[in-house]
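Asks: okay, structure incoming, though there's no sequence with it:
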């Protein structure tokens with residue numbers, strides 16, 4: 001399996017999720033399963049069935065996060081990146097119609113739940129890599145190429 005890249009903030013967020021699931025959520029759910037099992041008939045015990053299912057989901061996510069975190073490489077900000085679009089950059093782009101978008105280019109594991117993050121593997125991010133302010137990026141879309149201009153590039157230091 002290849003190494004996946006991630007920002008420092010994204011790595012810390014995944015570590016915190018793993019810590020919460022393992023130290024807080026799993027023990028609480030295990031206690032509920034034990035309590036529900038002590039009530040007797042498990043086949044018709046909704047508390048038991050629900051919490052047992054929840055425990056399996058927690059264990060699945062814990063396994064996934066542990067495996068994923070082992071395989072990740074944190075990409076730190078470097079002063080050489082300044083002025084060009086690279087991994088971790090906040091970018092503002094504008095199209096011919098004057099529509100502007102602002103987003104951060106991050107790893108695949110960081111985009112969920114964030115409308116202002118895009119994956120490094122997305123067509124937009126690929127087209128923007130190494131561009132400078134004022135640079136033009138041709139982004140492949142289902143309806144043809146879209147032209148976007150880079151207005152702003154910022155990095156979290």
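Replies: Alright, I've got the coordinates. The shown structure was predicted, so the numbers you read here are calculated from the model rather than taken from an experiment.

Asks: please make it C-alpha for all contacts and neighbour counts, starting now.
Replies: Will do.

Asks: just for this structure, where's the confidence low?
Replies: For the chain, applying pLDDT under 70 flags the ranges 1-3.

Asks: what residue of it is the furthest out?
Replies: Here the chain reaches farthest from its C-alpha mean at residue 40, the gap being 41.9 Å by Cα atoms, centre = their mean.

Asks: which stretch of helix or strand covers that one?
Replies: Following DSSP states H and E, there is no helix or strand that holds residue 40.

Asks: how does this protein divide into domains?
Replies: Split into domains by automatic domain parsing, the chain comes to 4-74, 79-155.

Asks: just these: most buried one?
Replies: Mean neighbour count (mean count of other Cα atoms under 10 Å) peaks for domain 79-155 among the domains of the chain, with a mean of 17.

Asks: ends of that domain, how far apart?
Replies: Domain 79-155 has an end-to-end distance of 9 Å (criterion: Cα to Cα, to the nearest Å).

Asks: now swap in stretch 62-81 and tell me
Replies: Stretch 62-81: ends 34 Å apart by Cα to Cα.

Asks: touching that stretch from outside, list them.
Replies: By Cα atoms under 8 Å, 6 or more residues apart in numbering, the list of residues contacting stretch 62-81 from outside reads 1-8, 11, 14-15, 18, 21-22, 87-88, 155-157.
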